[in-house]
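**Q** this is a predicted model, with the sequence first.
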Amino acid sequence: MLKRFPAGGPRGSWPAEEFAQARRLEGQAAEVVMDLTSDAFLVVVWAGELVE
């Protein structure tokens with residue numbers, strides 16, 4: 001996880017999306033996901049493949 005943004009903010013997920021876009025422009029595969037437990041948007045970069 002790179003950064004956490006509160007979901008209750010007045011702009012919703014936009015700050016997280018903007019941060020992720022800036023990371024993508026730097027060459028990182030950043031993605032925004034919702035963490036329901038903490039009610040926050042997380043910007044993550046996956047380190048490897050997921051194993052099912």
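**A** All right, it came through fine. All values reported here derive from a predicted model rather than from experimental measurement.
**Q** quick one: contacts for Phe19?
**A** Leu2, Lys3, Phe5, Ala30, Val43 (Cβ atoms under 8 Å, 6 or more residues apart in numbering). Quick note: C-beta positions are derived from backbone N, CA and C, even for glycine.
**Q** give the PyMOL command for selecting the buried subset of the residues you listed.
**A** Here is the PyMOL command that selects only those of these that count as buried (16 or more other Cβ atoms under 10 Å):
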select buried, resi 3+5+30+43
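**Q** Gln21: which of the contacts of Phe19 is nearest?
**A** The closest of the contacts of Phe19 to Gln21 turns out to be Ala30 (Cβ to Cβ; 7.8 Å).
**Q** which pLDDT value goes with that closest one?
**A** pLDDT recorded at Ala30 is 94.
**Q** wait, is Gly12 part of a helix?
**A** No: when DSSP: H, G, I helix; E, B strand; the rest coil is applied, Gly12 is found to be coil, with no helix at that position.
**Q** would you mind measuring from it to Phe19?
**A** To Phe19, Gly12 is 13 Å away according to Cβ to Cβ, to the nearest Å.
**Q** and Val45, by the same measure?
**A** 12 Å.
**Q** on that earlier part again, got the contacts of Phe19 as CSV, with distance to Thr37 columns?
**A** Formatted as CSV, these follow (distance: Cβ to Cβ, whole Å):
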residue, distance to Thr37
Leu2, 18
Lys3, 17
Phe5, 15
Ala30, 21
Val43, 17
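**Q** what's around Ala22, how many residues?
**A** Using other Cβ atoms under 10 Å, Ala22 has 12 neighbouring residues.
**Q** so it, which state does it fall into?
**A** Secondary structure state of Ala22, per three-state DSSP, is helix.
**Q** the spatially most central residue of the chain: what secondary structure?
**A** The chain has Val43 as the residue nearest its centroid, 1.8 Å off, counting by Cα atoms, centre = their mean. Under three-state DSSP, Val43 falls in the strand class.
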